[in-house]
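Student: Here's a sequence, model it:
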Amino acid sequence: TRRSSGLLVVSIFIKVSEMANPFLNRLLNRDTITRITYKNDAYLLQSLNIEELYPETPSFITYEGSMTVPACYETVSWIIMNKPVYITRMQMHSLRLLSQNQPSQIFLSMSDNFRPVQLLNNRCIRTNINFSLPGKDCPNNRAQKLQYRAQHSVQSG
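Tutor: This next block holds a predicted model:
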């Protein structure tokens, strides 16, 4: 859609670890992943709880931006979670075996399908993260060149 505020995307960082996210355990097991390797493959999973996918953090960054694929319309409200979810090396390997094409076509991995970093272009970045700026009354006093890094957390269990 070309309308402003046409789409909301929640972006979650993924980090390789010895532990895995419960939601991704169900989604990325061998029985499931081998049924959805190619474009248009489908497999019905019962009783998935999407809340299990989200990292255990109330912190996020949000901004109005664009789609990540051409024509890159400025219609997306992005929410970027502040902590990653965890997957195992085997699960990451399984994701790298997924194809953007159908079986009759040349294999085209879904990995490395990112868009280059874009300029801020006067976008307003909002967050509920407390950066605790000593001696500064307003976050607007910060330098204009901003960078973001996800906080790392350790999950037990």
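
Student: Around Met19, how many other residues sit close by?
Tutor: 14 (other Cβ atoms under 10 Å). Backbone N, C-alpha and C define where each C-beta goes, glycine included.

Student: I figured it was touching Tyr86, is that so?
Tutor: Yes: between Met19 and Tyr86 there is a contact under Cβ atoms under 8 Å: 5.1 Å.

Student: now the closest residue to Phe114 other than its chain neighbours: how far from Leu45?
Tutor: Leaving aside its chain neighbours, Phe114 sits nearest to Thr68 (7.9 Å; criterion: Cβ to Cβ, 6 or more residues apart in numbering). Noted for Thr68: a distance of 25 Å to Leu45, by Cβ to Cβ, to the nearest Å.

Student: And the two? Which one has more around it.
Tutor: Using other Cβ under 10 Å as the criterion, Thr68 and Leu45 rank with Thr68 on top: 14 against 10.

Student: my guess is that one meets Arg115, correct?
Tutor: Yes: shown here, Thr68 and Arg115 form a contact pair, counting by Cβ under 8 Å, at 4.7 Å.

Student: Residues touching the biggest helix by length in the chain, excluding its own?
Tutor: Longest among the helix segments of the chain by residue count, using DSSP state H, is helix 89-96. Outside helix 89-96, the residues that touch it by Cβ atoms under 8 Å, 6 or more residues apart in numbering are 14, 16, 20, 24-25, 28, 30, 33, 87, 109-111.
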